[in-house]
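**Student:** After the sequence you'll find the predicted model.
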Amino acid sequence: MAAPTMDRTTPAAPAPVRTLTIAKALNLGLRAAMEANPKVLVMGEDVGKLGGVFRITDGLQKDFGEQRVLDTPLAESGIIGTAVGLAIRGYRPVCEIQFDGFIFPGFDQIVSQVAKLHYRTQGRIKLPMVIRVPFGGGIGAVEHHSESPESYFAHTAGLKVVSCSNPTDAYWMIQQAIDSDDPVLFFEPKRRYYEKAEVDTTAAPGPLYASRVLRTGTAATLVAYGPMVRTALDAAAAAAEDGTELEVIDLRALSPMDLGPVYESVRRTGRLVVVSEAPGESSITGEIAAKVQQECFYSLQAPVLRVTGFDTPYPPSKLEEEYLPDLDRVLDAVDRSLAW
């Protein structure tokens, strides 16, 4: 019997498992959210015709039109303020802050309005909006383009703050953030935008505000988020060559933080190293250290150690590799913890 011929007029369905970069996964996640809900809008500086400076929104304006993908003036307070009005009227705006350091002109809108309207109106008003923030260093850029401002917003009651670290989370977490009725700050590790991994676009995603164990180990626990997750995994792989098995946990959500898996891990390993690009003073890493000390005091065999950026403004690009935590600094902290 002859083999059946393929109907060439019917396009083949996209493969459910695809190799994607974080940038492409975010693009496809935004596209899926816009296809699923006509109330989803994308707005920001150069997000339309250009597709964003990192091309995260590439092709969206062409496919969804200028009424749903809006190029805005260079005015972050105006972008956020407009999004607040749209969200009150039932839309689900997704704002892009072009670079992390540009978020501060919109800081008053975010902290005084976005974070408080639901509470101020006793729940009568919801603000289902997402603020996308490419953050962190490692791209050879100057200050205002390489900041890590996440602690400001994780500290602010009324905001949800998350950060993806891999293509699978990028694809699913952006959709989950858009579906949320709460305002979400979505921090994207710009230095990792073009790292690739297989993504199953049909798999059921886990909860948005949940940390995840990426590698099991017994000697010590490494906790990181965003761009530093890859650094932590590389450090664990290097340590394993010397017979030291490190457990790596991706925090994923910075507010609310899911520290249950961290407590469980520390109770087994007795040691914790927390890694972040942000300066250590008054930071998320300090909050994690304090909570682990409270919950796991009798399990700790060494003080909680932190590997962070320095407490200085971000340096010129020629010095950023000296500023950013790297594999050697992480392994040094692990060695100090093990030697305690």
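**Tutor:** Yes, it's here.
**Student:** contacts and neighbour counts: CA atoms only from here.
**Tutor:** OK.
**Student:** Which residue ranges of the stretch 1-150 of the chain form helices?
**Tutor:** Ranges of helices in the stretch 1-150 of the chain, per DSSP state H, counting those that start in this stretch, are 22-36, 60-64, 76-88, 107-108, 117-120, 150-154.
**Student:** for the stretch 151-300 of the chain, that is, sorry about that
**Tutor:** 167-179, 228-241, 260-269, 284-295.
**Student:** Which residues in the shortest one does the neighbour count mark as buried?
**Tutor:** For helix 260-269, the buried set under the neighbour-count rule, 16 or more other C-alpha atoms under 10 Å, comprises 261-263, 265-269.
**Student:** So for Ala197, which of the helices of the stretch 151-300 of the chain sits nearest?
**Tutor:** Ala197 sits nearest to helix 167-179 of all the helices of the stretch 151-300 of the chain, at 6.2 Å, using C-alpha to C-alpha.
**Student:** what's next to that closest one, contact-wise?
**Tutor:** 20-30, 32-33, 40, 92, 94, 128-130, 164, 184, 186, 195-201, 205, 208 (C-alpha atoms under 8 Å, 6 or more residues apart in numbering).
**Student:** Repeat the analysis, applying 7 Å as the threshold.
**Tutor:** Residues from elsewhere that reach helix 167-179 (C-alpha atoms under 7 Å, 6 or more residues apart in numbering): 20-22, 25-26, 28-30, 33, 92, 129-130, 164, 184, 196-197, 199, 205, 208.
**Student:** now do stretch 239-257
**Tutor:** 154, 160-164, 209-225, 229, 232-233, 236.
**Student:** So which of these are in strands?
**Tutor:** Among these, the members found in strands (DSSP state E) are 160-163, 212-215, 220-224.
**Student:** Now for Val40: which residues touch it?
**Tutor:** Contacts of Val40 by C-alpha under 7 Å, 6+ apart are 33-34, 91-93.
**Student:** Look up the closest residue to it, ignoring the ones flanking it.
**Tutor:** Leaving aside its sequence neighbours, Val40 sits nearest to Arg92 (C-alpha to C-alpha, 6 or more residues apart in numbering; 4.6 Å).
**Student:** now stretch 180-200: mean pLDDT?
**Tutor:** Averaged across stretch 180-200, the pLDDT comes to 97.
**Student:** Distance across it, terminal residue to terminal residue?
**Tutor:** 22 Å (C-alpha to C-alpha, to the nearest Å).
**Student:** got it, and stretch 38-55?
**Tutor:** Taking C-alpha to C-alpha, stretch 38-55 runs 22 Å from one end to the other.
**Student:** What is the neighbour count of Pro149?
**Tutor:** Residues lying near Pro149 (other C-alpha atoms under 10 Å) number 19.
**Student:** Correction: the previous question concerned Glu143.
**Tutor:** Neighbour count of Glu143, defined by other C-alpha under 10 Å: 15.
**Student:** quick one, what contacts it?
**Tutor:** Neighbours of Glu143 in contact, by C-alpha under 7 Å, 6+ apart: 314-315.
**Student:** Mind doing that once more with 6 Å?
**Tutor:** Tyr314 (C-alpha atoms under 6 Å, 6 or more residues apart in numbering).
**Student:** Asn166 too?
**Tutor:** Ile22.
**Student:** Would you state the predicted confidence (pLDDT) at it?
**Tutor:** Model confidence at Asn166 (pLDDT) stands at 97.
**Student:** Also Ser317?
**Tutor:** Model confidence at Ser317, given as pLDDT, is 88.
**Student:** That one touches Gly137, doesn't it?
**Tutor:** No. The criterion here is C-alpha atoms under 6 Å, and Ser317 misses it with Gly137 at 8.9 Å.
**Student:** more neighbours, the two?
**Tutor:** With neighbours defined as other C-alpha under 10 Å, Ser317 and Gly137 compare such that Gly137 has more, 27 against 17.
**Student:** Go ahead and confirm the more buried one touches Ser148.
**Tutor:** No. Checked against C-alpha under 6 Å, the pair Gly137 and Ser148 is beyond contact range at 8.0 Å.
**Student:** deepest of the helices of the stretch 151-300 of the chain, which one?
**Tutor:** Highest mean neighbour count of the helices of the stretch 151-300 of the chain: helix 167-179, a mean of 24 (counted as mean count of other C-alpha atoms under 10 Å).
**Student:** tell me how far the ends of stretch 147-161 are from each other?
**Tutor:** 16 Å.
**Student:** who does Glu96 bridge with?
**Tutor:** Taking DSSP bridges as the rule, Glu96 bridges to Gly44, Arg132.
**Student:** How many residues are close by it?
**Tutor:** Neighbour count for Glu96, taken as other C-alpha under 10 Å: 26.
**Student:** so where is the stretch 101-250 of the chain shaky, pLDDT-wise?
**Tutor:** Applying pLDDT under 70 to the stretch 101-250 of the chain picks out no residues at all.
**Student:** Among the contacts of helix 167-179, name the buried ones.
**Tutor:** Buried by 16+ other C-alpha under 10 Å: 20-22, 25-26, 28-30, 33, 92, 129-130, 164, 184, 196-197, 199, 208, out of the contacts of helix 167-179.
**Student:** what's the spacing between Phe135 and Ser282?
**Tutor:** Distance, Phe135 to Ser282, using C-alpha to C-alpha: 18 Å.
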